[in-house]
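Trainee: Build me a model:
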Amino acid sequence: MELFEWMRILHIMGGFTALLTFWIPVVTKKGGTLHVRSGWVYVIGMVIVAITAVYMAIYRIIDPTTSPVLVSFSLFLLYISILSSSTAYYGIRVLRFKTRKERHTHVGDLGFPMLLLISSIGMSIYGYIKDFPLLTWFPLLGGFLSTVQLRYWLQKPKRKMHWWFEHFSGMLGCSIATITAFTVFGAPRLLNIESVSLLLWFLPTIVLTPIIVGLSVYYDRKFSNRKVAG
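Mentor: Numbering: from 1, shown residues only. Coordinates of the predicted model:
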């Protein structure tokens, strides 16, 4: 079996692992054993997905027999791997530095969102040139998330439990990338259909973004009430 096929199998396994576990940390007790363990299983699945996606995307892009449409989807796969790994990395790193009081300028923590920002701009321009709506508009999400990450690191923490909000927004942002990738690449193959509605491609973003905002508002009020009570 060729290396590409092994990578594809690993990619599918990692993807399904992430899809099956991403919701568990959301609904379980925050900081509890199940939350932490299922969260790490999800992260490991996403690491496998990201690494194999990079390999398969580059393989397809440099393959002279690859069709232009497949090249476009391979570029999107590469972009999704950057988006998912950047948000997952961010979600973990904010916990590592949750006690910080000053600006944070670690090269890796700033470099990842910068890579996401640059790739988001590049992908959006490419999509516009190719008249490919998914590639044109979806990277706006990555551009927004990258600026949020950069602003968080480069400013002194002002919000109570700031790391809490950034952790779940980062991990749910990663989930958006996970489900979108499945919608674009996995679902059509499983259902044996050639095309998927553009609305379906954006559905994970449409559904999960309000959840992120809602949870942020909920926990902001919860922590504020706890402070008042104290």
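Trainee: can you map out the helices along the protein?
Mentor: Ranges of helices within the chain are 3-21, 24-27, 33-62, 68-96, 107-129, 133-137, 139-154, 162-181, 187-191, 198-229, based on DSSP state H.
Trainee: where does this protein have its least confident helix or strand?
Mentor: When the helices and strands of the chain are compared on mean pLDDT, DSSP states H and E, helix 187-191 comes out lowest with a mean of 57.
Trainee: what are the phi and psi values for Lys29?
Mentor: Note on Lys29: its backbone torsions stand at phi -60, psi 130 [degrees, to the nearest 10].
Trainee: Distance-wise, check it relative to Val41.
Mentor: Separation of Lys29 from Val41 (CB to CB, to the nearest Å): 16 Å. C-beta coordinates here come from the backbone N, C-alpha and C atoms, glycine included.
Trainee: Among those two, which residue is more densely surrounded?
Mentor: Using other CB atoms under 10 Å as the criterion, Lys29 and Val41 rank with Val41 on top: 17 against 10.
Trainee: In contact with the nearest residue to the more buried one once chain neighbours are set aside, which residues are there?
Mentor: Closest residue to Val41 apart from its sequence neighbours, by CB to CB, 6 or more residues apart in numbering: Thr21 at 5.0 Å. Applying CB atoms under 8 Å, 6 or more residues apart in numbering to Thr21 gives the contacts 38, 41-42, 45.
Trainee: So for Thr21, what's the pLDDT?
Mentor: pLDDT recorded at Thr21 is 90.
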